[in-house]
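Enquirer: Prediction below, plus the sequence it came from.
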Amino acid sequence: MIRKSILSLLGLVLTSAASAEWALNMPEGVTDLSAETYRLHMMVFWWCVAIGVVVFGVMIISLIKHRKSKGAEPATFTHSTVAEVIWTAIPVVILLVMAVPAAETMVKLEDTRNPDISIVVTAYQWKWHYKYQDEGVEFYSSLARPSVDARRKQSGVDVNSVDNYLLEVDHPVVVPRGAKVRLLLTSNDVIHSWWVPELAIKKDAIPGIVNETWFNANEVGTYRGQCTELCGKDHGYMPIVVEVVEPEAYQAWVDTRKDGDAKFASAQ
């Protein structure tokens, strides 16, 4: 019975692995800072691995070689000044090796000066509002209709048939490749959080406060994220989609948005 259960579980795992892309590590991203953050993350990870190997290695060797059954006698000394200095100095050096590049990266992450584009991002329960400060473009971005229909109880819609289920919006953010984009984040109701892994951004949107962050995408593509602050019953239904396009395509999109808004205003 146990063997059958193990085989069934193994089959389920293999099936899942075949149908979904597994990601056990953070993505390297498509910005210079996201790549730098990834390298910093991997450096700290390997330091932790090395420390774990050394510490647990010494523990295991000590347990095996100095056990009572082999006639080991406990030490009679009370302390060792040399040992205390060594095990204090080494961690300090390791922390400095980690802290210096981490501080440099954090300074860069907060440097929002001289942006090419500034976008005010306002969070609502449960959607996003984007206002391009210098372009005269603004819009709400909500969960796309196919996902809205599929998520309803007893909808009869197979969620596996919906492309990018719960990760698609009706109006994505569009930015040009190679431009420094500053985001000014706030909220109209409760605390939300704007998170796009490939851009290495996770920033809270807080009522009454404006937080700043920025990115400069090097690659054209569509990058998806979500709100990562528990903000109410529909918290899981406010995705983020950022489309990075060539500068010419971006300008064409801006012109189209302006024309559409002008026609809508005249119709009112």
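Expert: Sure, I can see it.
Enquirer: how about the strands in the protein?
Expert: Ranges of strands in the chain, per DSSP state E, are 117-124, 127-132, 137-141, 173-176, 181-187, 192-196, 201-205, 211-215, 221-227, 239-245.
Enquirer: ok, Ala249 - contacts?
Expert: Counting by C-beta atoms under 8 Å, 6 or more residues apart in numbering, Ala249 touches Pro176. Backbone N, C-alpha and C define where each C-beta goes, glycine included.
Enquirer: okay, now the domains of this structure?
Expert: Listed by automatic domain parsing, the domain ranges of the chain are 32-109, 117-267.
Enquirer: Please identify the most buried of those.
Expert: domain 117-267 (a mean of 17; mean count of other C-beta atoms under 10 Å).
Enquirer: Relative to the whole chain's centre, how far out is that domain?
Expert: Taking C-alpha atoms, centre = their mean, to the nearest Å, one finds domain 117-267 lying 15 Å from the centre of the chain it belongs to.
Enquirer: Stretch 52-71 too?
Expert: Stretch 52-71 has its C-alpha centroid displaced from the chain centroid by 40 Å (C-alpha atoms, centre = their mean).
Enquirer: likewise stretch 42-54?
Expert: Using C-alpha atoms, centre = their mean, the offset of stretch 42-54 from its chain centre is 22 Å.
Enquirer: That stretch - what's its average pLDDT?
Expert: Stretch 42-54 carries an average pLDDT of 94.
Enquirer: now stretch 216-228
Expert: Regarding stretch 216-228, the rounded mean pLDDT is 96.
Enquirer: Could you work out the end-to-end span of it for me?
Expert: Across stretch 216-228, the terminal residues are separated by 22 Å (C-alpha to C-alpha, to the nearest Å).
Enquirer: Now do that stretch: everything it contacts.
Expert: 30-33, 123, 126, 164, 167-168, 172, 175, 177-181, 192-199, 201-202, 235-236, 238-246.
Enquirer: picking that back up, among the strands of the chain, which comes closest to Val55?
Expert: Closest to Val55 of those is strand 201-205 (C-beta to C-beta; 31.1 Å).
Enquirer: list the helices and strands the closest one packs on?
Expert: strand 117-124, strand 181-187, strand 192-196, strand 211-215 (3 or more C-beta pairs under 8 Å, 6 or more residues apart in numbering; DSSP states H and E).
Enquirer: ok so, going back, any chance of the strands of the chain in TSV, plus distance to Val55?
Expert: Below are those laid out as TSV (distance: least, C-beta to C-beta, whole Å):
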stretch	distance to Val55
strand 117-124	43
strand 127-132	45
strand 137-141	48
strand 173-176	46
strand 181-187	41
strand 192-196	34
strand 201-205	31
strand 211-215	37
strand 221-227	37
strand 239-245	40
